[in-house]
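Visitor: fold the following and give me the result.
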Amino acid sequence: MKQQVDFAADNPLPPDMLARPDLFEYLMHIDGQVFRAVATRQTVKVKFGQRYYFIKRHNGVGWMEILKNWMTFKRPVVSASNEVAAIQALTDLNIPTTPYVAHGVQGCLPASLRSFVMTEDLGDIVTLEDVAINWQTQRPRLQYKRALIRQVAEIAGKLHAHGIYHRDFYICHFCFKRQDDGQWPPALYVLDLHRVEIHRPPSVPMQIKDLAALYFSAMDAGLSRGDWLTFYKHYYSAWPVQDWRVQMGASVWQAVRTRAQKLYIKYQRKLRSGVAM
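Guide: Numbering: from 1, shown residues only. You can find the predicted model right below:
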């Protein structure tokens with residue numbers, strides 16, 4: 001069966017491990033701290049030498065899952081290759097994300113592909129969801145809050161200007177290293193790229209979906225009108241003038257607000273019924 005394992009040019013893995021003839025199966029089965037596990041995907045944290053890594057494993061999704069995605073107009077994610085491409089795309093734009101270490105794939109048919117992507121652990125991190133929860137009880141310094149908002153806006157704008165859509169674009173997927181909290185502002189990293197879609201030319205519907213998810217996830221952060229205007233201003237800083245003049249229409253932002261409000265209502269209903277989203 002066709003099988004391939006690739007590594008980052010400066011990969012830090014131990015030489016004896018790289019020499020294993022069964023490396024693909026070894027990384028697909030090595031035990032570690034399980035961070036997430038769903039039907040066909042598992043993320044584990046492992047240690048090699050003195051460093052920690054995350055391995056995200058994909059097992060065949062099956063033809064029914066692929067068909068279901070296409071019938072609902074969603075592009076199916078069938079392997080870790082999607083996340084590898086996303087990491088490279090963000091790296092090319094100088095947007096910090098989890099550093100790529102290795103990638104392996106086995107098989108040919110999309111429904112039965114087995115694959116993994118390995119990334120370096122960022123260490124002790126703080127997500128913007130953690131930060132926003134604290135803002136509910138402890139009012140942040142205005143300059144600090146606006147600096148974080150500006151970074152999120154600039155990252156979102158740069159991604160969308162290049163036709164890159166996260167598709168899980170919530171504030172919990174932005175983080176900074178706790179050791180960098182004293183910096184002004186701390187550098188933000190973008191996490192969880194496995195559903196990223198690169199769509200050229202840029203897609204307004206996908207832009208709206210990403211921004212609505214971001215808006216929804218920040219609704220309980222106590223953001224003011226001035227905060228939202230800060231986001232709006234810096235979001236377009238990465239766009240070529242000829243593009244953002246078209247994209248900044250009121251209808252786009254009204255669609256973002258409407259979609260975000262629907263997500264929020266749905267989320268509140270699930271909270272009341274005791275079902276997590």
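
Visitor: stretch 18-26 spans what distance, first to last residue?
Guide: Start-to-end span of stretch 18-26 (Cα to Cα, to the nearest Å) is 11 Å.

Visitor: hmm, I typed the wrong one, I wanted stretch 41-57.
Guide: Using Cα to Cα, the distance between the terminal residues of stretch 41-57 is 6 Å.

Visitor: who's in contact with it?
Guide: 12-14, 17, 27-28, 30-37, 58-59, 80, 83, 98, 101, 114-121, 123, 194 (Cβ atoms under 8 Å, 6 or more residues apart in numbering). In short, each C-beta sits where N, CA and C put it, glycine included.

Visitor: got it, and stretch 193-209?
Guide: Counting by Cβ under 8 Å, 6+ apart, 41, 56, 75, 77, 80, 82-83, 85-87, 89-90, 97-98, 160-169, 243, 247, 252, 255-256, 259 sit against stretch 193-209.

Visitor: switch the cut-off to 6 Å
Guide: Here stretch 193-209 makes contact (Cβ atoms under 6 Å, 6 or more residues apart in numbering) with 75, 77, 83, 86, 160, 163-168, 255-256.

Visitor: quick one on the thing from earlier: so which of the contacts of stretch 41-57 belong to helices?
Guide: Met17, Leu27, Met28, Glu83 (DSSP state H).

Visitor: quick revisit: among the contacts of stretch 41-57, which ones are buried?
Guide: Neighbour-count burial (16 or more other Cβ atoms under 10 Å) applied to those gives 13, 27-28, 58-59, 80, 83, 98, 101, 114-120, 194.

Visitor: among the contacts of stretch 193-209, the buried ones, what's the ChimeraX command?
Guide: A single ChimeraX command selects the buried members of those (16+ other Cβ under 10 Å):
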select :77,83,86,160,163,164,165,166,167,168,255,256
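
Visitor: and the contacts of stretch 193-209, which two are the farthest apart?
Guide: Longest distance between any two of those is 28.0 Å, between Glu83 and Ala255; criterion Cβ to Cβ.

Visitor: please identify the buried residues of the longest helix along the chain?
Guide: Counting residues, the longest helix found in the chain (DSSP H) is helix 250-273. Neighbour counts over helix 250-273 (16+ other Cβ under 10 Å) mark Trp253, Ala255, Val256, Arg259, Ala260, Leu263, Tyr264, Tyr267 as buried.

Visitor: most widely separated two among those residues?
Guide: Trp253 and Tyr267 (20.6 Å).

Visitor: now, the buried ones among the contacts of stretch 41-57 that are in strands?
Guide: Of the buried ones among the contacts of stretch 41-57, the ones assigned to strands by DSSP state E are His58, Val101, Arg114, Ser115, Phe116, Val117, Met118, Thr119, Glu120.

Visitor: will you turn those into CSV that also has pLDDT?
Guide: Listed next are those as CSV, based on pLDDT from 0 to 100:
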residue, pLDDT
His58, 91
Val101, 95
Arg114, 90
Ser115, 91
Phe116, 94
Val117, 96
Met118, 96
Thr119, 96
Glu120, 95
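
Visitor: tell me the buried residues in the helix or strand hosting Tyr235?
Guide: With secondary structure defined by DSSP states H and E, Tyr235 is part of helix 225-235. Buried residues in helix 225-235, counted by 16+ other Cβ under 10 Å: Asp227, Trp228, Thr230, Phe231, His234, Tyr235.
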